[in-house]
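In: predicted coordinates and the sequence they were generated for:
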Amino acid sequence: MGNKQLRVVVIGAGMAGILAGIKLKEDGYDNVCIYEKANRIGGTWRDNTYPGLTCDTPSHHYTYTFERNPDWSRYLPPGSEIQAYFERAVEKYNVGELIRFNCEVKEAAFRGSQWHLKLSDGSSDLADIVIAATGVLHHPSTPNIPGMDDFEGAIFHTARWDHSVPLDGKRVGVIGMGSTGVQIISALVGRAENVSHFVRNPQWIMPVENGYYSEAQRAGFRSDPALLEAEMNVEEYNANVERYTHALTQPTSDGAQFMRQACFDNLEQSVTDPQLREQLRPDHEPLCKRLIFSPDYYQAIQKPGATLVREDIECIEKSGIRTKDGALHELDVIAVATGFKTDQFMRSIKMTGRNGLDLESLWEKKPVAYMAINMPDFPNFFMLNGPNGPVGNFSLVDIAEKQWHYIAQLLDKIRNDDCTEVCVTRAAMEQFDAERTAAAKTTIWYTGGCQSWYLDAEGIPASWPWNYQRFVEEMETPRWDAYDLIQESSPANEETEPA
Ligand code: NAP
């Protein structure tokens with residue numbers, strides 16, 4: 001362990017920011033602050049509380065490797081249990097003492113080998129290292145449907161669910177058929193008087209079982225970690241992730257064919273009415289959009305009290321949604337499940353790197369980052385779950401841990417006084433992005449004939465376009481020749497008071 005005292009700032013106290021806090025403590029960093037703009041930890045799992053909220057990654061894999069949870073109630077974890085899990089982790093690892101709540105980082109500028117931060121409460125901070133853990137699916141995307149303000153019932157985005165609004169016995173409309181919309185429909189059918197699902201483009205659904213862990217099983221996991229490890233079967237899980245990412249990147253492979261067929265069979269076998277089946281049949285290849293894992297959507301949408309609406313929305317009126325065929329669907333509640341602005345990351349922080357280069361210029365066309373972690377001219381700045389990283393039907397906790405392993409090695413260079421600044425070279429960034437873009441054009445996200453949030457403004461898939469194994473290998477050790485390790489003289493301390 002090196003000796004240099006470093007001020008480390010983490011932005012965001014969600015899954016990745018908490019991880020950073022725990023690891024920084026463990027590695028002996030004792031001048032750390034996590035700025036969190038909200039008044040609670042949790043990120044996605046704090047913001048999303050909609051009925052049916054579930055993570056589609058197996059519970060025991062949606063955990064930190066160092067903090068297993070024997071008490072998950074189901075194979076797929078409910079959102080409330082995930083939030084509670086992260087709250088327990090914060091308490092157990094004393095991360096709370098690092099967090100400053102209700103404090104948003106508004107500006108970050110790199111000058112004199114340090115990051116000068118301006119905060120929403122008017123104070124400032126000076127950091128040697130900044131780690132952005134600001135999440136991917138954080139900024140709700142709300143469509144501009146004419147008449148939205150005229151609706152006399154309750155209308156809200158699913159990431160801002162209004163729990164004061166009654167649902168039982170009400171007429172609820174849900175706009176959007178991503179993972180969110182599908183989970184809400186399954187949860188509300190049978191509870192609301194009627195649930196109308198407004199679907200512009202249906203998506204493919206992979207069947208998945210979501211069984212309960214019995215009390216006896218959980219007691220077993222608590223008393224014998226070997227039972228938990230056996231349940232997790234890490235090797236099998238990793239092999240599945242590898243098969244899945246291989247299928248994305250090799251659309252003609254056996255694995256891709258297997259997944260495609262599972263989706264086809266699910267639709268064919270689950271939906272009995274041929275007309276409804278055709279209305280639910282997507283016009284693109286399975287895997288082109290993020291696969292939806294659901295044990296019960298097709299069953300729910302066929303129940304009395306559920307209505308699939310495939311007509312496009314014309315407008316919203318005071319009593320409901322009018323579709324282009326002229327029909328008025330009268331509603332008490334409208335849940336807008338239209339996803340997120342996925343090109344935001346740490347925006348809207350005003351970031352300025354070396355030589356006055358600002359983030360908006362660097363990301364003028366699209367967000368880019370070397371290995372999803374670094375950007376040229378932004379020294380000592382690191383991202384967890386940044387642009388171009390792996391996203392999909394697998395655990396982002398695992399992805400963040402592997403990214404942390406990589407980042408920790410870069411931090412060591414600064415702490416060991418090998419340098420004062422770690423910065424990826426522009427050449428490495430450009431080469432990485434050229435390779436990434438070429439690979440992205442061979443993925444099913446590009447070839448599968450659909451629009452999705454995986455595509456950037458230029459229509460190129462923005463996610464990690466290679467298989468899981470390549471990610472694992474890249475995260476083992478940085479390619480050092482991609483980095484400038486710069487030794488600067490003492491920084492000019494213009495604003496030396498840490499907040
Ligand atoms: P999403 O996948 O982006 O889906 C948005 C839906 O809204 C799409 O069906 C889209 O239709 C529709 N839509 C958008 N604008 C519309 C408009 N103006 N009129 C009508 N429909 C419109 O969003 P999401 O379901 O919130 O999911 C986002 C991501 O969050 C997921 O892909 C996943 O990564 C994550 N998530 C994960 C879980 C989990 O279980 N782990 C659960 C929920 C969410 P088009 O297809 O026609 O554009």
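Out: Structure received.
In: and Gln293, which of the three is it?
Out: One thing to correct before we go on: residue 293 is Phe, not Gln. Per DSSP: H, G, I helix; E, B strand; the rest coil, the local secondary structure of Phe293 is strand.
In: find the nearest non-adjacent residue to it, please.
Out: Nearest residue to Phe293, sequence neighbours excluded (Cβ to Cβ, 6 or more residues apart in numbering): Asp56, at 4.0 Å. For glycine as for every other residue, the C-beta is placed from the backbone atoms N, C-alpha and C.
In: just the pLDDT for the one you found.
Out: On the pLDDT scale, Asp56 is placed at 92.
In: check contacts around it.
Out: By Cβ atoms under 8 Å, 6 or more residues apart in numbering, Asp56 lies in contact with Leu76, Ser179, Val208, Ile292, Phe293, Asn393.
In: so what's the residue count around the last one?
Out: Using other Cβ atoms under 10 Å, Asn393 has 20 neighbouring residues.
In: same deal with the first one?
Out: Residue crowding around Leu76 was assessed by other Cβ under 10 Å; the count is 20.
In: which bits of this structure sit near the ligand?
Out: The chain has residues 54-56, 137, 143, 175-181, 200-201, 290, 313, 337-340, 451, 453 near the ligand, with proximity defined as Cβ under 6 Å from any ligand atom.
In: which of those count as buried?
Out: For these, a neighbour count by 16 or more other Cβ atoms under 10 Å gives the buried set as 54-56, 137, 175-181, 290, 313, 337-340, 453.
In: helices - which of those residues land there?
Out: Ser179, Thr180, Gly181 (DSSP state H).
In: got those as JSON lines, with pLDDT columns?
Out: Shown next, in JSON lines, are those (pLDDT from 0 to 100):
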{"residue": "Ser179", "pLDDT": "97"}
{"residue": "Thr180", "pLDDT": "98"}
{"residue": "Gly181", "pLDDT": "98"}
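In: residue of the stretch 201-350 of the chain nearest the ligand, please.
Out: For the stretch 201-350 of the chain and the ligand, the shortest gap (Cβ to the nearest ligand atom) falls at Gly339, measuring 2.5 Å.
In: pretty sure that residue sits against Ile175.
Out: No: here Gly339 lies out of contact with Ile175, judged by Cβ atoms under 8 Å, at a distance of 10.5 Å.
In: show me what the lowest-mean-pLDDT helix or strand in the chain is packed up against.
Out: Least confident helix or strand, the chain: helix 234-249 with a mean of 90, by mean pLDDT, DSSP states H and E. When contacts are defined as 3 or more Cβ pairs under 8 Å, 6 or more residues apart in numbering; DSSP states H and E, helix 234-249 packs onto helix 254-270, helix 444-447, helix 468-476.
In: redo that, cut-off 7 Å
Out: Contacts defined by 3 or more Cβ pairs under 7 Å, 6 or more residues apart in numbering; DSSP states H and E place helix 234-249 against helix 254-270, helix 468-476.
In: just name the most buried of the ones you listed.
Out: Comparing these by mean neighbour count (mean count of other Cβ atoms under 10 Å), helix 468-476 comes out on top with a mean of 17.
In: other SSEs contacting that helix?
Out: Using 3+ Cβ pairs under 7 Å, 6+ apart, the elements in contact with helix 468-476 are helix 234-249, helix 396-415.
In: list the contacts of it.
Out: Outside helix 468-476, the residues that touch it by Cβ atoms under 7 Å, 6 or more residues apart in numbering are Val241, Glu242, Thr245, Met371, Pro390, Lys402, Gln403, His405, Tyr406, Trp464.
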